[in-house]
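In: my questions concern the predicted model and sequence given below.
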Amino acid sequence: MTAVLFENISELRTVSALGTLANAAIVADDGRIAWIGPTTQAPAADTRINLGGRAVLPGWVDSHTHMLFDGNRAAEFEARMAGQSYAAGGINVTVTATRAATDTRLEQLLHDRINAARAGGTTTLETKTGYGLDVESERRAARIAATGVDDVTFLGAHVTPVGADPDDYVDLVCGDMLDAVAPYVHWIDVFCEQGAFDESQSRKVLQAGRARGLGLRVHGNQLGAGPGVRLACELGAASVDHVNYLDSEDVERLAVSDTVATVLPACDLSTREPFAPARQLLDAGAHVAIASNLNPGTSYTSSMNFCVATAVLQMRLSLDEAITAATRGGAKALRRHDVGGGVDPQGRPAVGTLAVGARCNLHVLNTNHAIDLAYRPGMPLTWGTFIDAVPVR
Ligand code: NIG
């Protein structure tokens, strides 16, 4: 591959030690960032892309999605808007629809959803299994997911399938199901919540995953106070997600741990739960990520622009904090963040930051000021998305 110069950037939000630069340019070599500085001093390159005075930030890192599903739950959503509350049991409706889908249909749905996310500026995606809930359906979901996204998470412990005994099901998740998905997945997750899995079941699932070499993630404290955050911090999970109902001890635990608190603003709106206390978490010193939580039950959107706007307008983050949480924060939640020299903890080129050595994953806005993400919410502000310096929409 040849060197590519992106020039004439009005506002470059690097989410790195370089901060925000005006009238900037980036050079990528073989898809990695090789140089960042003023457009007037940019070195020569084989290809020049004039960005016309637009603002640029790192591509969004969406660290929490559930893309492998068929069907929808529009009626459940409409009932919720009329006053019913969200319950984990609705997941089984999607399990029935997903089991009935052909491989070809699931592959097409995944492909379409990835393209929609990219059209909104997302360049790194995690997705979970969890709508199969039997050995073959979970294996299939993991296998298909691995063909399209960056990180795949095994969420066999999403909910106990209809008719199964909860403890027998946990044994299946920790045994044959884990064996079946292991070749395709990087992470294991558990929905640790009333109506899903309790603390000891969740611990068992996470420990089984760890024994297979998987990293840990937790859905916790979404629908009420509970042990999710405590368990995630104790076991050193990379991320605990939702975190709507936290007591002061949970906030303190997150503040002193390396476990990222991932907030899901679109989900909070759709379930009408109180917003996760992202402001309080940041003030306490916790690592915070913003993700879309794309799924048919609680957050049927992959729009990170919408999530960032909501985090600014409703959760009271500054634009800078929200952009950081949706880029470097998501990268940290996936352990793909820059630990120096533009590489992640495993030595791969990092994502979620624009620094020399990192992947040249760019989100080009159709405006010269990134604040428009919150100032003009809902407007079509994504002009272009580049992964490894190649346009993907
Ligand atoms: O992250 N909370 C658990 N899992 C999903 C919802 C899944 C569903 O209702 O289909 C979530 O919100």
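Out: Here it is on my side, so go on. Numbers count the residues shown, from 1 in each chain.
In: how many residues are close by Q222?
Out: By other Cβ atoms under 10 Å, the residues close to Q222 number 27. Yep, even glycine has a C-beta here, placed from its N, CA and C like the rest.
In: tell me the confidence at it?
Out: Q222 is assigned a predicted lDDT (pLDDT) of 97.
In: list the contacts of R376.
Out: By Cβ atoms under 8 Å, 6 or more residues apart in numbering, the contact list for R376 reads T367.
In: contacting residues around the strand or helix carrying H219?
Out: Assigned by DSSP states H and E, H219 belongs to strand 215-220. For strand 215-220, contacts defined as Cβ under 8 Å, 6+ apart pick out 153, 186-193, 196, 202, 206, 209-210, 226-229, 231-232, 235-243, 333, 335.
In: which residues touch F306?
Out: When contacts are counted by Cβ under 8 Å, 6+ apart, F306 is found next to 265-266, 377-378.
In: for the helix or strand encompassing it, what is the average pLDDT?
Out: Using DSSP H and E, F306 sits in helix 304-313. Across helix 304-313, pLDDT averages out at 98.
In: go ahead and confirm V263 touches A311.
Out: Yes: applying Cβ atoms under 8 Å as the test, V263 and A311 come out as touching, 7.2 Å apart.
In: quick check: neighbours shared by the two?
Out: Contact criterion Cβ under 8 Å, 6+ apart; residues bridging V263 and A311 by contacting each: 278, 290, 325.
In: around the second one, how many other residues sit close by?
Out: Read that as I290. Neighbourhood size, I290 [other Cβ under 10 Å]: 34.
In: that one and S239, how far apart?
Out: Between I290 and S239 the computed distance is 12 Å (Cβ to Cβ, to the nearest Å).
In: please settle this for me: is V190 part of a strand?
Out: Yes: assessed by DSSP: H, G, I helix; E, B strand; the rest coil, V190 belongs to a strand.
In: what's the average pLDDT for the helix or strand where R203 lies?
Out: Under the criterion of DSSP H and E, R203 resides in helix 199-211. The average pLDDT for helix 199-211 rounds to 98.
In: give me the three-state assignment for the residue of the chain found nearest the ligand.
Out: Distances between the chain and the ligand by Cβ to the nearest ligand atom are smallest at G297, namely 2.1 Å. Here G297 is coil, with the state taken from three-state DSSP.
In: didn't it look like it was pressed against A87?
Out: No: judged on Cβ under 8 Å, G297 makes no contact with A87 at a distance of 9.6 Å.
In: before we move on, back to that, mind giving me the PyMOL select for the contacts of strand 215-220, buried ones only?
Out: A single PyMOL command selects the buried members of the contacts of strand 215-220 (16 or more other Cβ atoms under 10 Å):
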select buried, resi 153+186+187+188+189+190+191+192+193+196+202+206+209+226+227+228+229+231+232+235+237+238+239+240+241+242+243+333+335
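In: now, which of the contacts of strand 215-220 lie close to the ligand?
Out: Contacts with the ligand within the contacts of strand 215-220, as defined by Cβ under 6 Å from any ligand atom: F191.
In: so which of the contacts of strand 215-220 sit within strands?
Out: By the criterion of DSSP state E, membership of the contacts of strand 215-220 in strands covers 153, 187-192, 239-242.
In: longest strand of the protein?
Out: strand 47-58.
In: what's in contact with that one?
Out: Contact with strand 47-58 is made by 2-15, 24, 26, 123, 323, 327-328, 351-354, 361-370, 372, 383, as judged by Cβ under 8 Å, 6+ apart.
In: go with 7 Å
Out: 2, 4-13, 15, 323, 327, 352-354, 361-370, 383 (Cβ atoms under 7 Å, 6 or more residues apart in numbering).
In: list only buried entries from these.
Out: 4-13, 15, 323, 327, 352-354, 361-365, 367, 370, 383.
In: what sits against the residue of the chain closest to the ligand?
Out: Applying Cβ under 7 Å, 6+ apart to G297 gives the contacts 73, 90-91, 94.
In: please name every helix or strand in contact with the helix or strand immediately after the helix holding F306 in the chain.
Out: Downstream of helix 304-313, the first helix or strand assigned by DSSP H and E is helix 319-324. Other helices and strands packing on helix 319-324, by 3 or more Cβ pairs under 7 Å, 6 or more residues apart in numbering; DSSP states H and E, are helix 304-313.
In: on that earlier part again, take the buried ones among the contacts of strand 47-58 and keep only those in helices.
Out: I323 (DSSP state H).
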